[in-house]
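next input, structure requested:
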Amino acid sequence: MNKLEKKNLFVEISDENFLIAIGEHDDELNFKIIEKEIFSPSGFKNGKIIDLETTVNNLKKTINRIEDRSKLYFSKANLIINQTNFDCINISGFKKLNGNQILSEDISYILNDIKSKIIESEKHKKIIHLFNTKYLLDNKPIDNLPIGLYGDFYSHQLTFFMMKDNDLKNLQTLFNRCNLSLNKIILKSFTEGIDIINKEKKNTFIKIKINREDTQLTFFSDFAYCFFQKFNFGSDIILKDISKLCSLEITEVKKIVSKCNFDISDENTYVDKKYFHENKFRKISLKHLKEISSARIEEMINIIFKKNKNLYNFKKKEIPIYFDIYDRDIFNKFKEIFENYFSEHNLIANKLIEKDPFSSIKISGTLLSKGWIKEAIPIIIKKRSWISRIFSGLFE
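Numbers count the residues shown, from 1 in each chain. As a prediction, this is how the structure comes out:
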């Protein structure tokens, strides 16, 4: 995109809702939302389109409604997606310098070499985000591009976030049917990381987000989004374990977890019969339920964090871990158990719930105008520097 429009249309697809907003940039490139709406379309469930025609009709009507209110009409939209079916690929390129000075041409050579390797190996995928992750000069990490410095060996690491062509085509079809083209796609996990950086003033951290049916782990290093991993289990697995091992229905388990106090050690404290369906009361100790939960939580944290080989280079005690479970009952009842398993680390728990549902759209609006310090593909740059020209040339 060569020119930033002052007013832009944003659509966020969350797990259950569509969020539509019109945002405006002022002369200083600051962003604010001037019109917005949230709706839950039929034909759409758990972040996936299950009926294209119905979803298209619902989305089109909502966009038309918000356009009519604002008296603004759009031909393209910026999309924020909460999907996790993307690939995160870290790849490094290098250049032997033999004591010479690093030039912009050396950086260009490395980037073109990396690009050709990615295109060859990932033929059916498209780049969504690209980050400058790490710069090494003679095996020593440096904060910025070392243009003008001398050395023997330079290594440059990039992190690619890529989406399969078919997934991208499905999104394009949805918006094309609404008479819109896609201007930019932004991962919500990226905006959530920026939200932590803005609020907590931390530029390197691990985030563990446990949803009901899946768990997402992200890692930001010095402002760069450089790792993502999804696990196909969430907090529901704890409830299912209790249900299975105690022969209880899930509805019963949810009531028990929600209402009972698990901070007990007396083996003779039992679940009250009022939590059971009629004629199905059984004597089950709260201590037993806590033991079942603790065993499952330990297994989850071992898989996600403690024994996760992918975190070998990231897992350091001084790196803060932002941790949250979106099932409040599970977290509140077993908070101590979760925290004990992270006792050796700087755990910052229960801080990630967004009070503003339009937070990701607001962050995306700023990304659109100002870009991000470590994102390699520039969005809007009035006067391009040489490094901007290199990156934009690679992806035009």
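
what residue ranges in the chain are flagged as low confidence?
1-3, 46-47, 264-267, 278-279, 350-354, 377-396 (pLDDT under 70).

the residue nearest in space to the middle of it sits in which helix or strand?
With distances taken as C-alpha atoms, centre = their mean, the residue of the chain nearest its centroid is Ser189 (1.4 Å). Using DSSP states H and E, the element containing Ser189 is helix 188-200.

in that helix, what counts as buried?
188-197 (16 or more other C-beta atoms under 10 Å). C-beta here means a position set from N, CA and C on the backbone, and glycine is covered the same way.

between these, which is nearest Lys169?
Lys188 (20.3 Å; C-beta to C-beta).

tell me the contacts of that closest one?
When contacts are counted by C-beta atoms under 8 Å, 6 or more residues apart in numbering, Lys188 touches 12, 14, 80-82, 360.

export those to JSON lines and append columns for distance to Asn179, secondary structure and neighbour count.
Formatted as JSON lines, these follow (distance: C-beta to C-beta, whole Å; DSSP: H, G, I helix; E, B strand; the rest coil; neighbours: other C-beta atoms under 10 Å):
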{"residue": "Glu12", "distance to Asn179": "19", "secondary structure": "strand", "neighbour count": "24"}
{"residue": "Ser14", "distance to Asn179": "23", "secondary structure": "coil", "neighbour count": "16"}
{"residue": "Ile80", "distance to Asn179": "20", "secondary structure": "strand", "neighbour count": "23"}
{"residue": "Ile81", "distance to Asn179": "20", "secondary structure": "strand", "neighbour count": "22"}
{"residue": "Asn82", "distance to Asn179": "24", "secondary structure": "coil", "neighbour count": "18"}
{"residue": "Ser360", "distance to Asn179": "24", "secondary structure": "helix", "neighbour count": "26"}
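
can you redo these as a markdown table with distance to Asn310?
Output for the contacts of Lys188, formatted as a markdown table (distance: C-beta to C-beta, whole Å):
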| residue | distance to Asn310 |
| --- | --- |
| Glu12 | 28 |
| Ser14 | 26 |
| Ile80 | 26 |
| Ile81 | 23 |
| Asn82 | 22 |
| Ser360 | 25 |
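
and the residues you listed, which two are the farthest apart?
Largest separation among the contacts of Lys188 by C-beta to C-beta: Ile81 and Ser360, giving 9.9 Å.

give me the common contacts of those two.
By C-beta under 8 Å, 6+ apart, Ile81 and Ser360 have these common neighbours: 12, 186, 188.

which among these gets closest to Ile127?
Ranked by distance to Ile127 (C-beta to C-beta), those are led by Ile186 at 12.8 Å.

would you confirm that that closest one contacts Gln83?
No. The criterion here is C-beta atoms under 8 Å, and Ile186 misses it with Gln83 at 11.4 Å.

more crowded one of these two?
Ile186 (21 against 16; other C-beta atoms under 10 Å).

can you classify that one as helix, strand or coil?
Assigned by DSSP: H, G, I helix; E, B strand; the rest coil, the conformation of Ile186 is strand.

so who does Ile80 touch?
Counting by C-beta under 8 Å, 6+ apart, Ile80 touches 10-13, 19, 185-188, 191, 360-361, 364.

isn't Leu79 right next to Phe175, touching?
Yes. The criterion here is C-beta under 8 Å, and Leu79 meets it with Phe175 at 7.4 Å.

list residues touching both of those two?
Contacts common to Leu79 and Phe175, judged by C-beta under 8 Å, 6+ apart, are 11, 182.

next up, phi/psi of Lys134, please.
Backbone torsions of Lys134, given as degrees, to the nearest 10, read phi -150, psi 140.

quick check: beta-bridge partners of it?
Per DSSP bridges, residues listed as beta-bridge partners of Lys134: Gln157.

isn't it right up against Lys140?
No. Assessed by C-beta under 8 Å, Lys134 is found out of contact with Lys140, at 11.2 Å.

between those two, which has more neighbouring residues?
Taking neighbours as other C-beta under 10 Å, Lys134 and Lys140 compare with Lys134 leading, 18 against 9.

list the contacts for that one?
Applying C-beta under 8 Å, 6+ apart to Lys134 gives the contacts 92, 141, 155-157, 221, 224, 226.

that's a helix at Lys315, yeah?
No. Lys315: not assigned to a helix; according to three-state DSSP it is coil.

that one: neighbour count?
Neighbours of Lys315 under the rule other C-beta under 10 Å: 15.

all further residue positions should be reported with the first residue as 44.
All right, first residue 44 from here; so that's Lys358.

look up phi and psi at it.
When read as degrees, to the nearest 10, the backbone of Lys358 gives phi -80, psi 100.

tell me the domain ranges of this structure?
50-127+209-238+398-419, 130-205, 244-276+356-392, 279-337 (automatic domain parsing).

which residues in the stretch 44-193 of the chain form strands?
Applying DSSP state E, counting those that start in this stretch to the stretch 44-193 of the chain gives strands spanning 50-56, 61-68, 74-82, 87-88, 91-92, 119-124, 129-139, 168-180, 183-185.

within the sheet, what are the partner strands of the first one, with directions?
The strands beside strand 50-56 in its sheet (DSSP bridges) come out as strand 61-68 (antiparallel), strand 119-124 (parallel).

and the ones you listed: which comes nearest Glu341?
Once C-beta to C-beta is applied to those, the stretch that comes out nearest is strand 119-124, at 32.7 Å.

orientation of that closest one relative to strand 168-180 in degrees?
70 degrees (axes from the mean of the first three to the mean of the last three C-alpha atoms, to 10 degrees).

so how far is strand 119-124 from its chain's centroid?
15 Å (C-alpha atoms, centre = their mean, to the nearest Å).

also stretch 57-69?
On the basis of C-alpha atoms, centre = their mean, stretch 57-69 sits 17 Å off its chain's mean C-alpha point.

buried residues of that stretch, list them for me.
So, applying 16+ other C-beta under 10 Å, buried residues of stretch 57-69: 57-58, 60-68.

state the pair within these that is farthest apart.
Asp58 and His68 (28.7 Å).

before we move on, the earlier item: put together TSV for the contacts of Ile123, with distance to Thr247 on each row.
Formatted as TSV, the contacts of Ile123 follow (distance: C-beta to C-beta, whole Å):
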residue	distance to Thr247
Phe53	28
Val54	31
Glu55	27
Ile56	29
Leu62	29
Ile228	25
Ile229	21
Leu230	19
Lys231	20
Thr234	18
Ser403	21
Ile404	26
Ser407	22
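
thanks again, I'm all set now.
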